[in-house]
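Undergrad: Sequence first, then the predicted structure:
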Amino acid sequence: MPEPLIPAKIFDLVPGANFQDYRLLERIGVGGQGVVWSAFDPQRKQVIAIKFNEIPETEQGKIDDLLIERQAGVLIKLRHPHLLPVYAIGASGGLRYFVSPFIEGGPLECKQTFPIAEKFRIISEVCGALDYLHSQNVIHRDVKPGNVLLDARHHTYLSDFGLARILTSTTQVLHTGHATPPYASPEQLIYKQITPRSDLYSLGVMLYELFTQQLPWKGEQELGMRQLYTRDEIPDPREINPQLPPGLFAILRQVTSQDPQKRPASAGEILDMLTKAFGLEPVKVHEQFSGFEGADQGKINATLLLKQKYSEWQEASEVAPISLTHFAIVDQYMQESAPRPIPGNLQLFLLQAALHHGYRAREWWNQTDKVRDRLDVALNLIDPANPAASRRALHLMVNDPQVVAMGRGMPDVVSSRLLDLAGNSTDFDLQKRAFQALRALTASAGTWKENALPPGEDYRLAALAVPGTELGDEAARLIGHLRSASAVATAFNQAESARRPGLLLDVQAVAGELPSSIQWGLRFKTSLQWILLMLSSQQLNTLAAYMTIFLGNLLGFGIQAYLTYRLPTFMDATRILVSLERGVFMGIPLSFGILVTRLLIERLGKIRLVYRLALAAMVGWLLILTSFVMYHLFILQQFSFSPGILLGSLLIAFGFAASGLLSKPIPRFLVSLAAVAAALAGSWWLYLGLGTVGFAWDPIIYYELSWSATRVLGTILLVSLPIAALGNLVRLAPREY
């Protein structure tokens, strides 16, 4: 889990970070007073909105912030059906934050055309919220359409208490200024003492905008500022809309009077004046509407939001016509309440949105039952213009065994889309991933084919392999994976001479061979280079393997020498030193023979099995045979090339070669153990049966003729155990190309 974010500035906020107990989703609003982010609250299992304001370093800024902190407890307790509740107010680093529910519909757009009944419902709800605030001695100080939020059913919520103040007999004189200029009263603009009637002035400007779809003087001039220097009043709204009633002008002029005392006493009074001017019945806030925190309100809004966005997705061509914030709301609803299984097209919509935004993408991927649906959605999101979504789609595709299997059955779709991504993206990492994904999602060919891709695609792949860059190398490896002879030939002919050896080597590294269309001399030279490269790569890994193999042989032949040394004292120092000496002497060359055997069988996995097994067994046999001949020559002071030593060396080499083909450690150990023990026991058995011939049947290791078969076999087992166990301890598998 990432560390909680402690921001000092607004630009420190980043999507996906943890702030307090919340996970930030995306920035959804920017204003003069700060920024608003959506976030997910895991405690409430709800999408919330967090408004951040930078704490000013000025003296007045510190005073204002102190007032907010002192009044936080009162603001959090405010509850009204059309007042957006505040869950938390606090400070972190250099920011003050306010946490509230997220409202799906966004702010009120006064430029939209509303039926008169809809307008009065909105006005009544805002007026009800304002009257409640004022009854609690709270001044909002920033009433404007942007702070009136609508949910999915167009119910309104007065929001944003970043500038709100609580009136008391001791603090009223401190509450001055602020508000958004087009809606600010004259007293706010000159930072004079304000009252609840300052909110009513802002409401009056908002009403003008709601009835005319524009601000006074089209917003080019501010009413409050003009009133400070002239006797101008708000313009007559009937100049814009003659259909409005004559009495509206007088009401708005009174509400926006420069003198606060001449304004109406309450928002409810303004509402009554308006209903009379329009000849409507008195409007009351719907008493049965319980607001955002009412029973099932969140589910109802989420259902309506999902219906709207799903319908838009079906009609439009956008990949995901739903924002991250809206998807997080829908996702929570689907987790809690949606029936299962989810209908097919709706499941595709949700998976596509999850992949597009990277929000619970794996969960929606795993929840999508049909493999073809997963693959289709992922391919649809792969686009050079959207690298983040493409990267997520590729990752899920190549790590899904079912999708990999299906992708290998439809290379035309997969290859065309991924080659487009590799060739057209400007994101290096994404291009590389596209090549690697294409290798994972297409079956490796067993033999070379003239063309491995749809018409024209082999040539396009060859062109991508021509440059001597890392991406060119990836394209060359993909050619080797697909075994496209035409792509190899085309890339080789188009590449510069300095690029050609590396190009062929990359193809060989994956395919294990080159097509017959490449000249025999080049094929032989490249194969030799590749074998040497594979044997010499991963040097630390190779050194570690040699050291463990050497330790196993040191212990094995040290035990052999110790148990068979002819001294009566069991713990004699000479006996110990001789055992170590012979263990080291045998360990050095024999370990090299076993290591080379394993390197050839494990590192050259692209060569056909029969050739690889024969090569590893033969080279290993020669090296292991040499080590035993040296042992007889320098330790036993006799030259021996007996059939027992020949066959025993071959059996050990073949045993380690065969064990290198196995992936699990226990079978590898058992095969090696059987080979070493059989070689030692077999050569001794041949010596006992045919030893009268002389040195021609010398065993690998001598034992006392007086020993019983059980004692001999027990000693052989003790010798073979460390050789087999440590001889296979470090894997030598090559890195993937």
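TA: Yep, that arrived. Everything quoted here is computed from the prediction, not taken from an experiment.
Undergrad: now do the same end-to-end measure for stretch 314-331.
TA: Stretch 314-331 has an end-to-end distance of 18 Å (Cα to Cα, to the nearest Å).
Undergrad: List the buried residues of it.
TA: 319-331 (16 or more other Cβ atoms under 10 Å). Glycine gets a C-beta too; all of them are placed from N, C-alpha and C.
Undergrad: for stretch 483-497, same thing?
TA: So for stretch 483-497, counting by 16+ other Cβ under 10 Å, buried means R483, S484, A485, S486, A487, V488, A489, T490, A491, F492, A495.
Undergrad: Which residue is the nearest non-sequential neighbour of the second one?
TA: Which is S484. Leaving aside its sequence neighbours, S484 sits nearest to A452 (Cβ to Cβ, 6 or more residues apart in numbering; 3.9 Å).
Undergrad: how many neighbours does the one you found have?
TA: A count of nearby residues for A452, using other Cβ atoms under 10 Å, gives 23.
Undergrad: Could you measure from it over to S415?
TA: 9 Å (Cβ to Cβ, to the nearest Å).
Undergrad: can you tell me which of the buried residues of stretch 314-331 are in helices?
TA: L324, T325, H326, F327, A328, I329, V330, D331 (DSSP state H).
Undergrad: name the helices or strands packed onto the helix or strand encompassing A39?
TA: Element membership for A39 (DSSP states H and E) is strand 34-41. Packing partners of strand 34-41 (3 or more Cβ pairs under 8 Å, 6 or more residues apart in numbering; DSSP states H and E): strand 22-31, strand 46-54, helix 324-337.
Undergrad: quick one, which of the ones you listed is packed in tightest?
TA: With neighbours defined as mean count of other Cβ atoms under 10 Å, the helices and strands packed on strand 34-41 peak in mean count at strand 46-54, which reaches a mean of 22.
Undergrad: What pairs with that strand, parallel or antiparallel?
TA: In the sheet, strand 46-54 lines up against strand 34-41 (antiparallel), strand 95-101 (antiparallel) (DSSP bridges).
Undergrad: any idea which helix or strand carries the nearest residue to L274 once chain neighbours are set aside?
TA: Spatial nearest neighbour of L274, chain neighbours left out: I251 (6.3 Å); criterion: Cβ to Cβ, 6+ apart. Assessed by DSSP H and E, I251 sits inside helix 247-255.
Undergrad: quick revisit: residues making contact with the strand holding A39?
TA: With contact meaning Cβ atoms under 8 Å, 6 or more residues apart in numbering, strand 34-41 is reached by 10, 13, 19, 21-30, 46-54, 87, 99, 102, 162, 324-325, 328, 332.
Undergrad: Specify the angle between it and strand 22-31 in degrees.
TA: If you take axes from the mean of the first three to the mean of the last three Cα atoms, to 10 degrees, strand 34-41 sits at 150 degrees to strand 22-31.
Undergrad: and strand 34-41, what's its mean pLDDT?
TA: Mean per-residue pLDDT for strand 34-41: 92.
Undergrad: ok, back up a step: would you mind saying which of the strands paired with strand 46-54 lies nearest H80?
TA: For H80, the closest of the strands paired with strand 46-54 is strand 95-101, at 13.3 Å, according to Cβ to Cβ.
Undergrad: which is the next helix or strand following the closest one?
TA: Scanning onward from strand 95-101 (DSSP H and E), the first element met is helix 116-135.
Undergrad: returning to that earlier point: wait, which of the helices and strands packed on strand 34-41 is closest to G593?
TA: Comparing the helices and strands packed on strand 34-41 by Cβ to Cβ, strand 22-31 comes nearest, at 58.2 Å.
Undergrad: quick one, the closest one and helix 324-337 angle?
TA: 140 degrees.
Undergrad: correct me, but P101 touches P85?
TA: Yes - counting by Cβ atoms under 8 Å, P101 touches P85, with 6.5 Å between them.
Undergrad: which one of these two has more residues nearby?
TA: Applying other Cβ under 10 Å to P101 and P85 shows that P101 carries more neighbours, namely 25 against 18.
Undergrad: what is the more buried one paired to in the beta sheet?
TA: Beta bridges link P101 to I48, judged by DSSP bridges.
Undergrad: Let me know the distance separating it from I89.
TA: Counting by Cβ to Cβ, the gap from P101 to I89 is 14 Å.
Undergrad: contacting residues around stretch 190-203?
TA: With contacts defined as Cβ under 8 Å, 6+ apart, stretch 190-203 is touched by 126-127, 130, 133-134, 139-144, 167, 172-173, 175-177, 179, 183-185, 187-188, 224, 228, 255-257, 260-261, 263-267, 270.
Undergrad: Buried only: go through these for me.
TA: The neighbour-count criterion (16+ other Cβ under 10 Å) marks 126-127, 130, 133-134, 139-144, 167, 172, 175-177, 179, 183-185, 187-188, 224, 255-257, 260, 263-264, 266-267, 270 among these as buried.
Undergrad: Look up how far P107 lies from N53.
TA: Distance of N53 to P107, given as Cβ to Cβ: 18 Å.
Undergrad: Sorry, slip of the keys, the one I care about is D160.
TA: 10 Å.
Undergrad: Which one of those two is surrounded by more residues?
TA: Using other Cβ under 10 Å as the criterion, D160 and P107 rank with D160 on top: 27 against 17.
Undergrad: wait, doesn't that one sit right on A49?
TA: No - using Cβ under 8 Å, D160 is not in contact with A49; the gap is 9.6 Å.
Undergrad: sorry, back to before: element containing the residue nearest to S484, please.
TA: Secondary structure assignment for A452, by DSSP H and E: no helix or strand.
Undergrad: which residues does it contact?
TA: Residues counted as contacts of A452 (Cβ under 8 Å, 6+ apart) are A445, D458, L482, R483, S484, A487.
Undergrad: can you pull the contacts of the last one?
TA: Applying Cβ under 8 Å, 6+ apart to A487 gives the contacts A452, L453, D458, Y459, L461, A462, A465, I479.
Undergrad: Any chance of CSV for the residues you listed, columns pLDDT?
TA: Listed next are those as CSV, based on pLDDT from 0 to 100:
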residue, pLDDT
A452, 89
L453, 88
D458, 93
Y459, 94
L461, 95
A462, 96
A465, 96
I479, 95
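Undergrad: Which members of the residues you listed are positioned in helices?
TA: Those of those lying in helices (DSSP H): D458, Y459, L461, A462, A465, I479.
Undergrad: how about the fourth one, what does it touch?
TA: When you say that, I think you mean A462. By Cβ under 8 Å, 6+ apart, the residues touching A462 are A475, I479, S484, S486, A487, V488, T490, A491, Q494.
Undergrad: For the spatially closest residue to V671 that is not a sequence neighbour, grab the count of nearby residues.
TA: Excluding its sequence neighbours, the residue lying closest to V671 (Cβ to Cβ, 6+ apart) is S659, at 4.2 Å. Per other Cβ under 10 Å, the neighbour tally for S659 reads 25.
Undergrad: In the stretch 501-650 of the chain, where is pLDDT below threshold?
TA: Residue ranges of the stretch 501-650 of the chain with pLDDT under 70: 566-571.
Undergrad: at 80 what do you get?
TA: Residues of the stretch 501-650 of the chain that meet the criterion pLDDT under 80 lie in 565-572.
Undergrad: Now do the helices in it.
TA: For the stretch 501-650 of the chain, applying DSSP state H, counting those that start in this stretch gives helices covering 520-536, 539-564, 573-603, 609-630, 643-659.
Undergrad: Serialize these to CSV and add fields for distance to A434.
TA: Formatted as CSV, these follow (distance: least, Cβ to Cβ, whole Å):
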stretch, distance to A434
helix 520-536, 25
helix 539-564, 29
helix 573-603, 28
helix 609-630, 31
helix 643-659, 38
